[in-house]
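Student: need a 3D model of the following:
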Amino acid sequence: MNGTQSLAALLAVLFAAGCASTKALETPRRGTAQEGLASWYGAQFHGRATASGEIYDMNRISAAHKQLPFGTVVEVENQDNGRKLRVPINDRGPFIKGRIIDLSLGAARQLDMFGAGLARVRIRVVQMAPEGRNLPISYPANGRPPKDSRAKATGKTAAKAGKVKQSGFTIQAGAFRKRSGAADLARRLRRDLRLDKVRIRKEQGWYRVQIDRRRQKAADLVRQKLEKAGIAAIVLR
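Tutor: Sure, this is the predicted structure:
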């Protein structure tokens, strides 16, 4: 066991008892706070889909939490050094007793907890999740947190907002760095599974294979059909 692992193990032993009784944020609102241990995750999950549907980029600012809605922004304070950072939630976890939040590598570096692996933190909700989920939820390490989109519309803006129609559902069947991989999967979906409305969308350097459906039931049926074919799919709103 190296020095970093020893320090991480020591932190876990010292603080696990105090963190285990921390109450979950079941009904969050602005100012709701929670204290406990934070960990971080990196290369082993880089490029994989998060629970929100966003592709995990370990160098961007994001975090996983067990209950907070996707898009919620929390202020994370490293109680060992006083550093603070606003971090949006885009994934689920951590699933180790005593830990309350799992930070991206980029967030861990800014909070100066990369070497230790674990840190005592206090998290406070500073921005509630928006009404609709727009990806990406994370933001660049040299950028700023997403703005609060829950502000009330007034006048003509409110009238226009009332006329916006639901855009339906999108089922994501895969994400590839190379377009050729996405094209192969799209052909398979059309030819072998007889699916229509299959498209390839380029976003943040990834080619995403997606299928559009207007209704939730139709989207669920597509997801089930993909899973039977051995394709892990995610339904996005």
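Student: what strand or helix carries residue 134?
Tutor: Using DSSP states H and E, residue 134 falls within no helix or strand.
Student: that one: neighbouring residues, count only.
Tutor: Close neighbours of residue 134, defined as other Cβ atoms under 10 Å, add up to 11. (Each C-beta comes from the backbone N, C-alpha and C, glycine too.)
Student: so it versus residue 44, what's the distance?
Tutor: 27 Å (Cβ to Cβ, to the nearest Å).
Student: quick one, what contacts the nearest residue to residue 41 once chain neighbours are set aside?
Tutor: Nearest non-adjacent residue to residue 41, counting by Cβ to Cβ, 6 or more residues apart in numbering: residue 102, 5.5 Å away. Going by Cβ atoms under 8 Å, 6 or more residues apart in numbering, residue 102 touches 38, 39, 40, 41, 63, 64, 65, 91, 93, 94.
Student: please tell me how far residue 182 sits from residue 209.
Tutor: 5 Å.
Student: what do the two both touch?
Tutor: Common contacts of residue 182 and residue 209 (Cβ under 8 Å, 6+ apart): 174, 175, 176, 200.
Student: what pLDDT does the last one get?
Tutor: Same thing as residue 200. Model confidence at residue 200, given as pLDDT, is 92.
Student: pretty sure it sits in a strand.
Tutor: Yes - applying DSSP: H, G, I helix; E, B strand; the rest coil, one finds residue 200 inside a strand.
Student: surely it touches residue 208?
Tutor: Yes - under the criterion of Cβ atoms under 8 Å, residue 200 makes contact with residue 208 at 7.0 Å.
Student: ok, these two, which is more surrounded?
Tutor: Higher neighbour count among residue 200 and residue 208: residue 208, with 22 against 15, using other Cβ under 10 Å.
Student: low-confidence stretches in the chain?
Tutor: Residue ranges of the chain with pLDDT under 70: 1-27, 133, 149-167, 204, 236-237.
Student: pick out the residue closest to the middle of it.
Tutor: residue 90 (1.6 Å; Cα atoms, centre = their mean).
Student: my guess is residue 91 contacts residue 50. True?
Tutor: Yes - with contact defined as Cβ under 8 Å, residue 91 and residue 50 form a contacting pair (3.9 Å).
Student: where do the contact lists of those two overlap?
Tutor: 56, 62, 64.
Student: leaving out sequence neighbours, find the closest residue to the second one.
Tutor: Setting aside the residues directly before and after it, residue 62 is nearest to residue 138 in space (Cβ to Cβ, 6+ apart), at 3.7 Å.
Student: now the one you found: how far from residue 89?
Tutor: 10 Å.
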